[in-house]
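J.: next come a sequence and a model predicted from it.
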Amino acid sequence: MPNVAADLIPNGVTLSNAFVSNPLCCPSRVTTLTGRYSYTTGVYGNSGTWGGYGASQQFGAMNDTIATDLETGGYTTALIGKYLNGYSPRTDYLTVPPGWDRWFEINTGKYFNYWAAADGVTKQYYGTAPNDYSTTVLEQQALSFIHQAKAGPFFLYFATTAPHGPAIPDPRDVGRFDGDLGSYVRPPSEQEADVSDKPSYIQARPLSATAQSSIDAFHTRQLASIYGVDRAIGALWNALPNDTVVLFMSDNGFEWGEHRWGGKMVPYNESLRVPMIIAGKGVDLSSVGPVGGVSDRLALNVDIRSTLESFVNDLPRQPQTDGEPWTSPPVRQDFPIMHWNDGNKVPVYCGVRSAGWMYVKYADGFEEAYDERSDPFELDNVFVTDPTDPHLPLLRAAAAGYCTQQDGRIYPEGWPF
């Protein structure tokens, strides 16, 4: 990503310990916009009773977001790109959620042949022409918004569908990274040989060179499709006025064969960890960390609302959230991690993550714990390899504090605590 490297990193703080608490699209995006964990929003999955746009409406999660705050504070706001799974630009296009002045929404995984919802007024169909490529369309929509809004304060939420599956590159980038995985440093957890200490859903996955080859092909397409996103980031950065804060992140990580898994949702590093950079164009970010350098504080998507709002003077509303602003000294020592089985192959789990340890308990009672300092690839489940380790009862107790029913918390059925 040459534009991220040239524009954002030198002008920002790279957060090397950045995580999401629920590594799945919709709940992670809800947490990003609301500054609240899934047990506060009630949104745990992409669809069903506890997921997607429907759950966000049921629990009112999206009525109180960074967009509603900033709109009330006099900002012009825009969402350009993906919103929440389950919102259909073809049938829901007349509905614009609270807080958004400008609205241009497309669905997940759409590159060509897709509908877009525009401003609660109309919908538009895009076909197969090169200029219909979704990243290109979203870039142009975002640039138009910036040029119209930059005379006053504005907030832009720019959310491309790339590099989500099926990861179709811009026609200019097809084949750009073919063959480059030969230099990819493969972690020892890739197609992990011994998974006897892992939960049953991992043990059920066969050791497979064929599966890894398929994952590698998808990985290569993702690299090519994210190159187009980087091109858009460069164009947006150049268009932004001074006195702008830019946050770059993903809503979840992705497994490329680690622990024999392809995808997300699992509680391992590759799913939970995300790239995250906060950059300033004419803004002093020294309160966050060394500009052009790295901060190793625990930084979460739940912090984004409070962090971005900390740069706004005289904001009328300062909401109570589950996050902490990065402009203040770090307080957090750990955080909850959780997943609800939305018809997927990963069973329900809840647990706790810190810089040093990961612990989860599944609905069937199976437990995993990893010493992240001595075992960063999470090869040895301490509950199996060293069940008398004194950290284990402490991890159980910390997880119980996050995962047990308390006043105001919302948990789906089959919760492990």
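T.: Done, it's in. Owing to the predicted nature of the structure, the values given are computational and were not obtained by experimental measurement.
J.: who touches the residue lying closest to Asp342 once chain neighbours are set aside in this structure?
T.: Using Cβ to Cβ, 6 or more residues apart in numbering and skipping the chain neighbours, the partner closest in space to Asp342 is Gly45 (3.2 Å). (Glycine included, C-beta is placed from N, CA and C.) By Cβ atoms under 8 Å, 6 or more residues apart in numbering, the contact set of Gly45 is 24, 26-27, 51-52, 55, 340, 342.
J.: and the pLDDT at Gly45?
T.: According to the predicted model, the pLDDT of Gly45 comes to 96.
J.: surely Ile337 meets Gly351?
T.: Yes - if you go by Cβ atoms under 8 Å, Ile337 and Gly351 touch, sitting 5.2 Å apart.
J.: what about the two, which has more around it?
T.: Gly351 (28 against 25; other Cβ atoms under 10 Å).
J.: burial count for the closest residue to that one other than its chain neighbours?
T.: Closest residue to Gly351 apart from its sequence neighbours, by Cβ to Cβ, 6+ apart: Val360 at 3.3 Å. When neighbours are counted by other Cβ under 10 Å, Val360 registers 25.
J.: equivalent analysis for Gly52, please.
T.: 24.
J.: before we move on, back to that, okay, and the common contacts of Ile337 and Gly351?
T.: With contacts defined as Cβ under 8 Å, 6+ apart, the residues shared by Ile337 and Gly351 are 267, 358, 360.
J.: what strand or helix carries the second one?
T.: Put plainly, it is Met358. strand 357-362 (DSSP states H and E).
J.: outside of that strand, which residues touch it?
T.: 199, 267-269, 272, 337, 347-353, 367-372, 378, 391-392, 395-396, 398-399, 403, 416-417.
J.: just the CA atoms of the helix or strand just after that strand, as PDB, please.
T.: Note on strand 357-362: by DSSP H and E, the next helix or strand toward the C-terminus is strand 367-371. Extracted in PDB, the C-alpha atoms of strand 367-371 (Å, rounded to 0.1, in the frame of the first residue of the first chain):
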ATOM      1  CA  GLU A 367     -11.100 -23.600  27.100                       C
ATOM      2  CA  GLU A 368      -8.100 -22.200  25.300                       C
ATOM      3  CA  ALA A 369      -5.300 -20.000  26.700                       C
ATOM      4  CA  TYR A 370      -2.100 -18.800  25.100                       C
ATOM      5  CA  ASP A 371       1.000 -17.100  26.400                       C
END
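J.: could you check the angle strand 357-362 makes with strand 367-371?
T.: 170 degrees (axes from the mean of the first three to the mean of the last three Cα atoms, to 10 degrees).
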